[in-house]
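**Student:** the following comprises the amino acid sequence and a computationally predicted model.
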Amino acid sequence: EDKVVQSPLSLVVHEGDTVTLNCSYEVTNFRSLLWYKQEKKAPTFLFMLTSSGIEKKSGRLSSILDKKELFSILNITATQTGDSAIYLCAVIIQGAQKLVFGQGTRLTINP
Amino acid sequence: EPEVTQTPSHQVTQMGQEVILRCVPISNHLYFYWYRQILGQKVEFLVSFYNNEISEKSEIFDDQFSVERPDGSNFTLKIRSTKLEDSAMYFCASSPPRLAGTPPEQYFGPGTRLTVT
């Protein structure tokens, strides 16, 4: 069975800290991995990673994929209270269109 | 910036009733999806739709579910006879046309919270 596991499930830090969120996967025929930020409602697309070792960056957020060790990390530097959200990792399998989601990491940034 | 929209934001229905959840995908997108998230659980895939037909569906998407694109803009999910366990947040998503060899990213709507009583 295809599986995506995120850790930690919950994380509380102070504003200004740097955080690293983890996503590991066990799937048949991996194609791509996606990160989403879910605040009140809609998951908002952050990154899609297909190749190992290539960092994707957007402002204070960055992500990288390791296809050998089957994981990805999402880094957020200089965190702000607006970064508080659930961060979802999802995988697309070759030949399929569905996203297989992890359970999410609830990130809370305290002022 | 274009967004996926969904209506209603919250729907309450009685067990056994039919509900239709509506979505307007981003206008130039070609692939459409429904997912659901039961409270406290993972987001789960229900169905994908391309070129006016279902392209993939999960085991959750049984005969009580159907999807339709009745016109050029709307994409609907119908649940024929709702059960208590259908209570969940239902997300619609859409994807742009694919570049060769690249899976398209999926953009999600705000969701419809369905409560079956």
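**Tutor:** Received the coordinates, thanks.
**Student:** show me what contacts residue B:88?
**Tutor:** Taking C-beta atoms under 8 Å, 6 or more residues apart in numbering or on different chains as the criterion, residue B:88 is in contact with B:36, B:37, B:38, B:39, B:113, B:114. For every residue, glycine as well, the C-beta is placed using N, CA and C.
**Student:** repeat that with 6 Å
**Tutor:** B:36, B:37, B:38 (C-beta atoms under 6 Å, 6 or more residues apart in numbering or on different chains).
**Student:** Throw these into a markdown table and include pLDDT, thanks.
**Tutor:** Listed next are the contacts of residue B:88 as a markdown table, based on pLDDT from 0 to 100:
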| residue | pLDDT |
| --- | --- |
| B:36 | 96 |
| B:37 | 94 |
| B:38 | 95 |
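**Student:** spell out which parts of chain A neighbour chain B.
**Tutor:** Selection of chain A residues close to chain B by C-beta under 6 Å from any C-beta of the partner chain yields A:31, A:32, A:41, A:42, A:43, A:45, A:48, A:92, A:97, A:98, A:101, A:103.
**Student:** least confident of those residues?
**Tutor:** The pLDDT minimum for the residues of chain A next to chain B sits at residue A:41, where the score is 76.
**Student:** now do the phi/psi pair for that one.
**Tutor:** For residue A:41, the backbone dihedrals are phi -140, psi -90 (criterion: degrees, to the nearest 10).
**Student:** who's in contact with the closest residue to it other than its chain neighbours?
**Tutor:** Distances taken as C-beta to C-beta, 6 or more residues apart in numbering or on different chains put residue B:110 closest to residue A:41, at 4.0 Å, once the chain neighbours are dropped. Residue B:110 sits next to A:41, A:42, B:6 when contact means C-beta under 6 Å, 6+ apart.
**Student:** closest one to residue B:20 out of those residues, please.
**Tutor:** The closest of the contacts of residue B:110 to residue B:20 turns out to be residue B:6 (C-beta to C-beta; 11.7 Å).
**Student:** which positions in the one helix or strand that closest one maps to come out as buried?
**Tutor:** Residue B:6 belongs to strand B:5-7 when elements are defined using DSSP states H and E. Buried residues in strand B:5-7, counted by 16 or more other C-beta atoms under 10 Å in any protein chain shown: residue B:6.
**Student:** now do stretch B:37-54
**Tutor:** For stretch B:37-54, by 16+ other C-beta under 10 Å, it's B:37, B:42, B:43, B:44, B:45, B:46, B:47, B:48, B:49.
**Student:** wait, doesn't the first one sit right on residue B:43?
**Tutor:** Spelled out, that is residue B:37. Yes: counting by C-beta atoms under 6 Å, residue B:43 is a contact partner of residue B:37 at 4.7 Å.
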